[in-house]
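[1] no sequence on this one, just coordinates:
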């Protein structure tokens, strides 16, 4: 461990903490209500919408996972993940009109309203709560692992740091999350650009870097790597479907100030996230050229070894801050949605509360904050146990969400009268059965489950009216 | 408020953490330099036999972050070696970095402390701003016309409890004043209306009586073809006469002529009178009345009171519904209950429903409920109502035998 780098990392932490406290997030706004808390009053401008969309997109898990995957296996990482994610992004504009037409405050509520079945709200909220709990755990684990390795501090202390950052920004609801995400996106952009620029400064033009990378092995240049397309394509598709059906993005579409803002946000997002992926690709490529072999007990340790070995203190420190910003920006958004599912969507939580009355509304928001604290604390505890890798948990979360929301969000209007509940239930049951019985990853087992869901939906009768 | 409290707490935390960390690092640095200096001074004699390279190696062995130099700097320790005189100089930056790294847990704890302090500040701000927010909401409600009071809580701090109590007192006082103001205003209006109505009614009633007499006389001399016209004319004159009587009854009420009344007789009379007024689709639901149920009152006024309430219920249900009519002993008095299943009273007239000429009907006089209220007051009773989109219920309580009424 280079001492000056460790000192730099410590300064980075302090810098991020002070920046967050000074610039981001007000927890209890004077005129808050549940619409402001969940959807920022449906009034986010283009800058806020775009920032929160892109910052939420870049999670610590994907930032670390993609860079390492590219480092190890080359362009197959781009084919399998980035292509799929971008594919999902292409689908989102088709959901803008139908999502914004509704006055629902959450995606499960939208689902129940659109398909006229309150059970869909329960199953959607339960799936979302489960999926996002696991996903937040991955954020804590990814960040905790990297920082504990870089600073030589216990993993739980590092996770506790990100836990406090996340709590601080989430207590104020989506408006606070969005304002912190503006800062987080700026830090992510700087944090990935400087290491990429350093790689180019050290190893030459992108073409030269590419050639140097290609010289390390032809398998790195293959779009499917050493895997068969039959494995990579489903993975790509699954990631894409997960993005297209992700409630985080749906909520950002619903919270945009106007439909035009929502469309502009979706048009500009590929430019920003594309730039981030290009920078991460260059860093992964340069890392492989500079350090051809890498060992570590896990992704997080390997990543920290990689950046401390290949980057000078300042770029490494900025990349660490980018990982922290990515972890916070994704986890706070997911935490807010998980709390919303628990307090607003699950029916047994919402029985005695009425909208409009001061006491009830305030009590409702206090319950949300308690739920935020409780879910985050639970995730912090779970993250201290040995669990499957970051990508495995991420895949599981995305596939569950995709099964619940993808078809309902994109089916043509004429299928709105179909009995969706049974189709979703059957698909989830099949997905979990295949997942636990067969040695396939979640994205592979999701596809037949999704096909089954579609078949049940098309073959099933219309729901009764009235 | 939150931003200010957060800023103050964050600033204080940063100053505190920076001071503690600074002092800790400074002490660590000074301590390290002193320890290293002491070790070097203790072993200074061993440098005399060494050349520069050997001296450098020995120095690194004794004190990790010190270097050999020929130039004197602050804190340097002179050394005499076989190659000449040199100075042992501490590498301040490296030593400081090593100390920072060694004390990284303190610094991480400082960052955690900062975040905890700021999050505690947020909740402190919330606990301070919440009562103000609640008070602002209550004022907003009062401004928009709904009277609210704030529930007191023992868990609140004394200052907030006091503020809540003062606010509730203020609301009570304002309500009492408003009620009093309304009563005074109503009495003023009623007095002037009464004077005007009594004069006008008297002037109309005399010609009406004369017209009725002449109409009866005419009926004997008019051909049978004109009978129908005469009957209509007679009916209209009677209706006009009833309206004028109502106006007079309202304007110059006579004191009740109290006597014993059987409630069952009142019910029977109401049923007969209302029979013709019941439109198609209106169901009459009368609860059985005990034959012994009786009260002291003016039979004529009480009949008018009940008839007005029942007609009001009929008119509230233009598309049909059910009228529920009941009476029961309540304490030493009798409680009459008239309910309809109409759409309820509009919010805007609920406060003024017993004022004269207040009506929602295009052809109504707005006197029916006003007269009911007057009769109830004359009998020393009280009238209440409950209204909702599912219907309206009037509850009239006429007290039992009272000496002043009997006399």
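    Ah, there it is. None of these values were measured; they are calculated from a predicted model. Numbering: from 1, shown residues only, chains lettered A, B, ... in the order given.
[2] how many neighbours does the residue lying closest to residue A:438 once chain neighbours are set aside have?
    Counting by C-beta to C-beta, 6 or more residues apart in numbering or on different chains, residue A:438 lies nearest to residue A:445, which is 6.8 Å off, once chain neighbours are set aside. Glycine gets a C-beta too; all of them are placed from N, C-alpha and C. Counted with other C-beta atoms under 10 Å in any protein chain shown, residues neighbouring residue A:445 total 24.
[3] name the helices or strands packed onto the helix or strand hosting residue A:445?
    Assigned by DSSP states H and E, residue A:445 belongs to helix A:442-459. Counting contacts by 3 or more C-beta pairs under 8 Å, 6 or more residues apart in numbering or on different chains; DSSP states H and E, helix A:442-459 is packed against helix A:229-244, helix A:390-410, helix A:420-437.
[4] hang on, the earlier thing: next up, the contacts around the residue nearest to residue A:438.
    Neighbouring residues of residue A:445 by C-beta atoms under 8 Å, 6 or more residues apart in numbering or on different chains: A:399, A:430, A:431, A:434, A:435, A:438.
[5] tell me which of the helices and strands packed on helix A:442-459 sits nearest to chain B.
    Among the helices and strands packed on helix A:442-459, helix A:390-410 comes nearest to chain B, with 22.8 Å by C-beta to the nearest C-beta.
[6] in that closest one, what's buried?
    A:390-391, A:393-409 (16 or more other C-beta atoms under 10 Å in any protein chain shown).
[7] that helix vs helix A:442-459, what angle?
    20 degrees (axes from the mean of the first three to the mean of the last three C-alpha atoms, to 10 degrees).
[8] relative to the whole chain's centre, how far out is helix A:390-410?
    Centroid separation for helix A:390-410 versus its chain: 11 Å, with C-alpha atoms, centre = their mean, to the nearest Å.
[9] tilt between that helix and helix A:229-244?
    Going by the same axes, to 10 degrees, helix A:390-410 makes 60 degrees with helix A:229-244.
[10] now helix A:390-410: average pLDDT?
    Average pLDDT, helix A:390-410: 81.
[11] could you give the mean pLDDT of stretch A:41-61?
    The model assigns stretch A:41-61 a mean pLDDT of 90.
[12] are whichever helix in chain B runs longest and chain A in contact anywhere?
    Assignment by DSSP state H gives helix B:158-221 as the longest helix of chain B. No: Helix B:158-221 lies apart from chain A when judged by C-beta under 8 Å from any C-beta of the partner chain; the minimum separation is 13.1 Å.
[13] sec struct for residue B:260, please.
    Under the three-state scheme (DSSP: H, G, I helix; E, B strand; the rest coil), residue B:260 adopts strand.
[14] ok, residue 147 - contacts?
    You didn't pick a chain, so chain A it is. A:9, A:153, A:158, A:161, A:304, A:320, A:324.
[15] looking at chain B here, not the other one
    Going by C-beta under 8 Å, 6+ apart, the list of residues near residue B:147 reads B:141, B:171, B:174, B:175.
[16] could you rerun that using 10 Å?
    Applying C-beta atoms under 10 Å, 6 or more residues apart in numbering or on different chains to residue B:147 gives the contacts B:138, B:141, B:171, B:172, B:174, B:175, B:178.
[17] in chain A, where is pLDDT below threshold?
    Applying pLDDT under 70 to chain A flags the ranges A:1-4, A:25-31, A:295-300, A:347-359, A:388-391, A:417-418, A:462-466.
[18] now chain B
    Ranges of chain B meeting pLDDT under 70: B:252, B:276-280, B:362-365, B:401-407.
[19] repeat the analysis, applying 50 as the threshold.
    Counting by pLDDT under 50, chain B shows low-confidence ranges at B:404-407.
[20] buried residues in stretch B:350-370, which are they?
    Applying 16+ other C-beta under 10 Å to stretch B:350-370 flags B:353, B:354, B:355, B:356, B:359, B:366, B:367, B:368, B:369, B:370 as buried.
[21] the top strand by length along chain B: which residues count as buried?
    Assignment by DSSP state E gives strand B:321-330 as the longest strand of chain B. Residues of strand B:321-330 classed as buried by neighbour count (16+ other C-beta under 10 Å): B:321, B:322, B:323, B:324, B:325, B:326, B:327.
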